[in-house]
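Colleague: Okay, structure incoming, though there's no sequence with it:
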């Protein structure tokens, strides 16, 4: 064995033993996968990946996503021996409170983690978005003689990733788009928590991916470094298809009693087994968290190699900036999540109109105004573009022959769409994904990860209520507003007219660290006459007084979205009868709750306990605003709706001005 080969195996066994030791010390974790995958990951990082430990955010780095997030110690060990900001002390704090090395990789917690993973399949699906972003950026920014973007995206997947449906959705899309810069590595170890994969999984994965249009490579032994390097090289040189590298491995490789067993998947090996395994590796069984000097020297070489890569790229970018200064400025702006000057230019106000527009219609005008000013603002829908109205007019569709398109056809794949837009956002594009609101359930795991990663992704949901009408309860979102409002670090915005929507887009595009669910109507909503009512700018505070009677109100009517016009008409009925009413528009509860106490008291004074909330969704969550523990004062949905024309549904479920006014009078009399 040559000196180079000896050092490689020292590095590989360091990855294995650090992973074993960290899991054992934490008395929690998954040691088996890192032990089996250490040669697979090391060969990739050492021989094939371009990365810069000293500058983990270098824009043209190759991306590596550990979709098998339970194998997180493999990644932390790799980052440690590669010179990233992960110390031995950090590794010793694996899975501990306030430690850097969480149980599953968390974006932003440790340099070098490209995405938060954990729910299986999310990582590989996110990698498709990163590959799409690379193709779009290369098409938009590169010029002859100036190639500033040309990186690859690697994702390491488990048997569980292959079983989860999201991976099939994402792989199908990637194959259709011919994303040859995308390489998935499948750890085929045949073991899951319950036992052998044959309990529930017997499909031919290679045949499935071949049918998707992928290039499929097979490495029969995870410890054959030469075959691994050859397979990766073939994948990188592929020009027309994404590649799946299937690697046969042994979970807990080297463990005398736990290799190829389910017990090594999600539990520590035990002190005696750790020592016996280290002996099998030729390691001192009494040493824990040991990193040989040769591995420390290797770390310095990796850092030096990264420095050279970045310096070469910087020289190239400098020449690019001289030749194409405007494009260089845009690139830097995009990387910093900044927006061009005058990006708000097209967000003009809409004239008052009693007939108005559906907010999905007014949103189309606003989307296109933003797209005209922000080249890296783009997105699409899950096969519902004609209904969600989310097409950008002055561009083409993104396809394998037109990587410069900004309209994305995700197909009927809501789950994958959410993860793909996460990947696009991680690559610094400003993406949106659209579907009917009721299908937000299919995208929910990806939305949750958007919030965890603090990504400024926009989820556009149309057909927001029972207003869907004849499609019936299968398509009428009822519990969805309450469900998404319960999610931390997500703004759920339901504008009442075109001007509230226009104002809220100014807020949305200014975000850098949180996603938004923008919930829009299918039916037309009146464009409120702002000469008679308060400015739509109040929407920026989440809730505002739209109209008020003289003096302290007898009742406060709180409306959102398509139900706000009902509150306005009820206000007129009440005013006619001498009842002093106030109408509050509340397009975003989280924004309102983040205002100071004085403002919240000004809008909803505690001295006025008579309050009525009107929203065509679940009543859950509105009690904090009515100051009651029961549903008295909330006109909402208790069931799943029905199939009927819109106006019939509104009457059936009490969403009428007359019903609101009647309830207000009864409550005032009672209180």
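Modeller: Great, that's in hand. Keep in mind it's a predicted model, so treat the numbers as computed, not measured.
Colleague: Residue nearest the middle of the protein, spatially speaking?
Modeller: The central residue of the chain, meaning the one whose C-alpha is nearest the mean C-alpha position (Cα atoms, centre = their mean), is residue 450 at 3.1 Å.
Colleague: so how far is the helix or strand where residue 447 lies from its chain's centroid?
Modeller: Secondary structure from DSSP states H and E places residue 447 in helix 440-453. Relative to its chain's centre, helix 440-453 lies at 6 Å (Cα atoms, centre = their mean, to the nearest Å).
Colleague: Need the contact partners of it.
Modeller: The set of residues that contact helix 440-453 without belonging to it, under Cβ atoms under 8 Å, 6 or more residues apart in numbering, is 106-108, 115-116, 119, 122, 125-126, 166, 414-415, 417-419, 421-422, 425-426, 433, 435, 457, 459, 461, 477, 480, 483-484, 487-490, 514-515, 517. Heads up, the C-betas are built off the backbone N, CA and C, glycines and all.
Colleague: From these, keep the buried residues only.
Modeller: Buried residues within the contacts of helix 440-453, counting neighbours by 16 or more other Cβ atoms under 10 Å: 106-107, 115-116, 119, 122, 125-126, 166, 414-415, 417-419, 421-422, 425-426, 433, 435, 457, 459, 461, 477, 480, 483-484, 487, 490, 514-515, 517.
Colleague: Show me how the record splits this structure into domains.
Modeller: Annotated domains of the chain cover 3-306, 353-526, 541-670 [automatic domain parsing].
Colleague: Can you lay out those domains as CSV showing distance to residue 316?
Modeller: CSV is the format used below for the domains of the chain (distance: least, Cβ to Cβ, whole Å):
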stretch, distance to residue 316
domain 3-306, 6
domain 353-526, 19
domain 541-670, 43
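Colleague: Make TSV out of the ones you listed and add mean pLDDT and distance to residue 333.
Modeller: Below are those laid out as TSV (pLDDT from 0 to 100; distance: least, Cβ to Cβ, whole Å):
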stretch	mean pLDDT	distance to residue 333
domain 3-306	97	12
domain 353-526	97	9
domain 541-670	95	26
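Colleague: Go through those and name the closest to residue 332.
Modeller: Nearest to residue 332, of all the domains of the chain, is domain 3-306, at 9.3 Å by Cβ to Cβ.
Colleague: Can you give me the end-to-end span of the closest one?
Modeller: In domain 3-306, first residue to last residue: 22 Å (Cα to Cα, to the nearest Å).
Colleague: what does stretch 46-65 give?
Modeller: Terminal residues of stretch 46-65 are spaced 16 Å apart (Cα to Cα).
Colleague: what do you get for stretch 262-269?
Modeller: For stretch 262-269, the separation between the terminal residues is 11 Å (Cα to Cα).
Colleague: Could you pull out the buried residues of that stretch?
Modeller: For stretch 262-269, burial by neighbour count (16+ other Cβ under 10 Å) applies to 262-269.
Colleague: Would you map the helices across the stretch 101-250 of the chain?
Modeller: Ranges of helices within the stretch 101-250 of the chain are 122-141, 159-163, 165-177, 205-212, 225-237, based on DSSP state H, counting those that start in this stretch.
Colleague: got the angle between the helix holding residue 447 and helix 122-141?
Modeller: Between helix 440-453 and helix 122-141, the angle comes out at 80 degrees (axes from the mean of the first three to the mean of the last three Cα atoms, to 10 degrees).
Colleague: after helix 440-453, next one along is what?
Modeller: Per DSSP H and E, the first helix or strand lying C-terminal to helix 440-453 is strand 458-462.
Colleague: quick check: angle from that next one to helix 440-453?
Modeller: 160 degrees.
Colleague: list the helices and strands strand 458-462 packs on?
Modeller: The contact analysis (3 or more Cβ pairs under 8 Å, 6 or more residues apart in numbering; DSSP states H and E) places strand 458-462 against helix 359-373, strand 377-381, helix 385-388, strand 430-436, helix 440-453, strand 516-519.
Colleague: starting at the chain centroid, how far to that strand?
Modeller: Strand 458-462 has its average C-alpha position 13 Å from the chain's average C-alpha position, going by Cα atoms, centre = their mean.
Colleague: Check which helices and strands the top helix by length along the chain sits against.
Modeller: Using DSSP state H to define each element, the chain has its longest helix at helix 293-323. With contacts defined as 3+ Cβ pairs under 8 Å, 6+ apart, helix 293-323 has these neighbours: helix 3-26, helix 72-81, helix 325-335.
Colleague: Tell me which of the ones you listed lies nearest to residue 214.
Modeller: Using Cβ to Cβ as the criterion, the shortest distance between residue 214 and the helices and strands packed on helix 293-323 is 24.0 Å, found for helix 72-81.
Colleague: List of residues touching the closest one?
Modeller: Residues lying outside helix 72-81 but in contact with it, judged by Cβ under 8 Å, 6+ apart, are 11, 14-15, 18-19, 22-23, 29-31, 33-34, 37-38, 41-42, 45, 53, 66, 85-88, 90-91, 94, 101-105, 110-113, 291, 295, 298-299, 302.
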